[in-house]
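J.: Here's my sequence, what's the structure:
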Amino acid sequence: MTVTRIRPDEHALALALSPHPHQQSFVASNAESLEDAADDPDCVPLLIRADGQPVGFAMYTVDEDDGNYWIYRLMIDARHQGQGHARAALRQILSMLSGLPDCPCVILGVKPENEAARRLYEQAGFRPTGELIGGEQVLKYEF
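T.: Residues are numbered from 1 along each chain as shown. Model prediction:
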């Protein structure tokens, strides 16, 4: 498993990935995410690969409102789900962020109805903050 920053020549690889149709309301499209990253230099889009093949997309940023690092996106392509890729990618992203000097914690939001994602995050050590932002439960991971 590797998680690396997406280069411009790799955008088509990210655009070819998408979740199951019933999961599309849980996460923004990769096209929208790449547009966000193009507009905001603090957004870092990531390509998730397994055995060299693209299997997912993620993105993190420093939130301008609170100054914290947030995982804005984590999506595994429908064809590659259920193989442990999200768990492995999340570990790598947390490891990447833990090495930053100004990153004591990582925050993310998850839709309440996305039970599988919430379980994944809680098993990784994220804890609910009790906040709701934009209809999403806010979870926090502290290093």
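J.: Now do the strands for the chain: every range, in order, please.
T.: Secondary structure of the chain by DSSP state E: the strands cover 2-5, 44-50, 53-62, 69-76, 105-110, 127-133, 136-142.
J.: Quick one: closest of the ones you listed to Q24.
T.: Proximity to Q24 (Cβ to Cβ) singles out strand 69-76 among these, at 9.6 Å. All C-beta spots, glycine's among them, are computed from the backbone N, C-alpha and C.
J.: tilt between the closest one and strand 136-142?
T.: Angle, strand 69-76 to strand 136-142, by axes from the mean of the first three to the mean of the last three Cα atoms, to 10 degrees: 110 degrees.
J.: Check what contacts strand 69-76 and list those residues.
T.: The contact list for strand 69-76 (Cβ atoms under 8 Å, 6 or more residues apart in numbering) reads 17-19, 27-28, 30, 33, 36, 43, 45, 48, 55-63, 85-86, 89-90, 93, 97, 100, 103, 105-109, 117.
J.: can you check stretch 41-58 too?
T.: Contact partners of stretch 41-58, identified using Cβ under 8 Å, 6+ apart, comprise 1-6, 10, 13-14, 16-17, 30, 33-34, 36-37, 59-62, 64, 71-77, 80, 83, 85-86, 88-89, 93.
J.: what angle separates the longest helix belonging to the chain from strand 105-110?
T.: In the chain, with assignment by DSSP state H, the single longest helix is helix 85-98. With the same axes, to 10 degrees defining the directions, helix 85-98 sits at 150 degrees from strand 105-110.
J.: picking that back up, identify whichever of the strands of the chain lies nearest to Y121.
T.: Here strand 136-142 is closest among the strands of the chain (Cβ to Cβ), at 5.2 Å.
J.: list the helices and strands the closest one packs on?
T.: Judged by 3 or more Cβ pairs under 8 Å, 6 or more residues apart in numbering; DSSP states H and E, strand 136-142 is in contact with strand 105-110, helix 115-124, strand 127-133.
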